[in-house]
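**Q** no FASTA, just this:
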């Protein structure tokens, strides 16, 4: 059964049943959108006073303390990914499927569990199921398949309950990488826990705090690499490899950033290193370095720069047919 309105033939006026079908379709679509907006954006259920909606909660969770400052970009990135495929999506519109209602029901059940347990995080996990199931119901399997990544990409914006264990390991890793990396530039240091102290320099010991562990950079780079892999025109396994490369790149880029702080403290101004450069090194060093390496990996996987279209050689096949009819020649006199 199709949940889409019957499209009239080009040049032909829509009949009364066609107009009714179109009105029912768009009315159902608008009503469904209003219901989702109401329950996720208006209904207060969470927080200490049960006065915070799920959307308000996640907006407040995109902060520095939870290492999810990059979350504010998702409301712009996800529509951008969908618009990027707008032509393909328009061409893929087909008959809707009632299976979409079952998928949406999974999201509704997760929302109910969230209300019962007062866990807005669970409600946000269910939101992509509701949206994906709605796309399946209204526009069919092909559209739903193309929207799978943009919609479930939202999961990367949901703060996990605790990053403490991962942050601790990353702090220790960043500390040792900074210690050994600084030695390559002639900066002698020794380590005490998560502190790096100079052997001969006059700068004060620098502590690899939670913010310097690289977890924020890792989460932001995961978002970038996932979106990059989605728009890349390459095989699925190559896209997966491009996405997973964010893990080592984030660790390497963060180590380079921390090393640069020690080098500047040793050979330059320690106050500038621990102050201004510490605050701006992520934007001026980490992201340019990491994005450049992502481009290098993309180019290696694709066999060239992504914006340069290769000109494949076109093979021309010449078919020679034999004519059995004999030619007659008239001898010259």
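**A** Structure's in. What do you need? Since the structure is predicted, the reported quantities are computational estimates derived from the model, not experimental observations. Residues are numbered from 1 along each chain as shown.
**Q** just the pLDDT at the closest residue to residue 293 other than its chain neighbours, thanks.
**A** Distance criterion CB to CB, 6 or more residues apart in numbering; nearest residue to residue 293, sequence neighbours excluded, is residue 249 at 5.3 Å. (Each C-beta comes from the backbone N, C-alpha and C, glycine too.) At residue 249, the pLDDT value in this model is 89.
**Q** and residue 249, how far from residue 90?
**A** From residue 249 across to residue 90, the span is 35 Å (CB to CB, to the nearest Å).
**Q** again with residue 27
**A** Separation of residue 27 from residue 90 (CB to CB): 21 Å.
**Q** look at residue 2 and report its pLDDT.
**A** On the pLDDT scale, residue 2 is placed at 46.
**Q** residue 312 now?
**A** 46.
**Q** okay, domains of this structure per the record?
**A** Split into domains by automatic domain parsing, the chain comes to 16-157, 164-302.
**Q** ranking the ones you listed by mean pLDDT, which is last?
**A** Lowest mean pLDDT within those: domain 164-302, a mean of 83.
**Q** can you map out the strands along the protein?
**A** Assigned strands in the chain, in chain order: 189-192, 195-198, 206-207 (criterion: DSSP state E).
**Q** paired strands for the shortest one, with orientation please.
**A** Just to be clear, that refers to strand 206-207. When pairs are called by DSSP bridges, strand 206-207 turns out to pair with strand 195-198 (antiparallel).
**Q** now the strand it pairs with: buried residues?
**A** 196-198 (16 or more other CB atoms under 10 Å).
**Q** pull the contacting residues for the residue nearest to residue 202 when sequence neighbours are not counted.
**A** With CB to CB, 6+ apart as the criterion, residue 202 has its nearest non-adjacent residue at 7.4 Å, and that residue is residue 270. By CB atoms under 8 Å, 6 or more residues apart in numbering, the contact set of residue 270 is 201-204, 264.
**Q** who's in contact with stretch 127-135?
**A** 32, 36, 40, 99-108, 110-111, 143-144, 147-148, 151-152, 154-155.
**Q** show me which of those residues are buried.
**A** Using 16+ other CB under 10 Å as the burial test, the contacts of stretch 127-135 include 32, 36, 40, 100, 103-104, 107, 110-111, 143-144, 147, 151, 154 as buried.
**Q** ok, so of these, who is nearest residue 169?
**A** Residue 169 lies nearest to residue 154 out of the buried ones among the contacts of stretch 127-135, by CB to CB, at 26.6 Å.
**Q** against residue 284, how distant is residue 260?
**A** 9 Å.
**Q** settle it for me: which of the two has more neighbours?
**A** For the pair residue 260 and residue 284, the greater number of neighbours falls to residue 260 (21 against 13), based on other CB atoms under 10 Å.
**Q** contacts only, for that one.
**A** Under the criterion of CB under 8 Å, 6+ apart, the neighbours of residue 260 are 277, 281, 285.
**Q** can you count the residues close to the second one?
**A** Residues near residue 281, counting by other CB under 10 Å, number 19.
**Q** again, but for the last one
**A** Using other CB under 10 Å, the number of residues around residue 285 comes to 18.
**Q** now it: closest residue in space, sequence neighbours ignored.
**A** Nearest residue to residue 285 in three dimensions, chain neighbours excluded: residue 257, at 5.3 Å (CB to CB, 6+ apart).
**Q** could you do the first one as well?
**A** Ranked by CB to CB, 6+ apart and with sequence neighbours excluded, the top spatial neighbour of residue 277 is residue 264, at 5.7 Å.
**Q** what's around the one you found, how many residues?
**A** That count, for residue 264 with other CB under 10 Å as the rule, works out to 20.
**Q** can you check residue 200 too?
**A** Using other CB under 10 Å, the number of residues around residue 200 comes to 8.
**Q** I'd say it and residue 188 touch.
**A** Yes - with contacts counted by CB atoms under 8 Å, residue 200 reaches residue 188, the gap being 5.8 Å.
**Q** hang on, the earlier thing: residue 249 and residue 90: who's more crowded?
**A** Taking other CB under 10 Å, residue 249 and residue 90 do not tie; residue 249 has more neighbours (24 against 10).
**Q** so how far is residue 259 from that one?
**A** Taking CB to CB as the measure, residue 249 falls 15 Å from residue 259.
**Q** what's the closest of the buried ones among the contacts of stretch 127-135 to residue 70?
**A** Among the buried ones among the contacts of stretch 127-135, residue 154 lies closest to residue 70 (CB to CB), at 12.8 Å.
**Q** quick one: contacts for that closest one?
**A** For residue 154, the contact set (CB under 8 Å, 6+ apart) comprises 74, 78, 124, 127-128.
**Q** now the two most distant members of those.
**A** 78 and 124 (13.1 Å).
**Q** more neighbours, the two?
**A** Looking at residue 78 and residue 124 with other CB under 10 Å, you find the greater number of neighbours at residue 124, namely 23 against 20.
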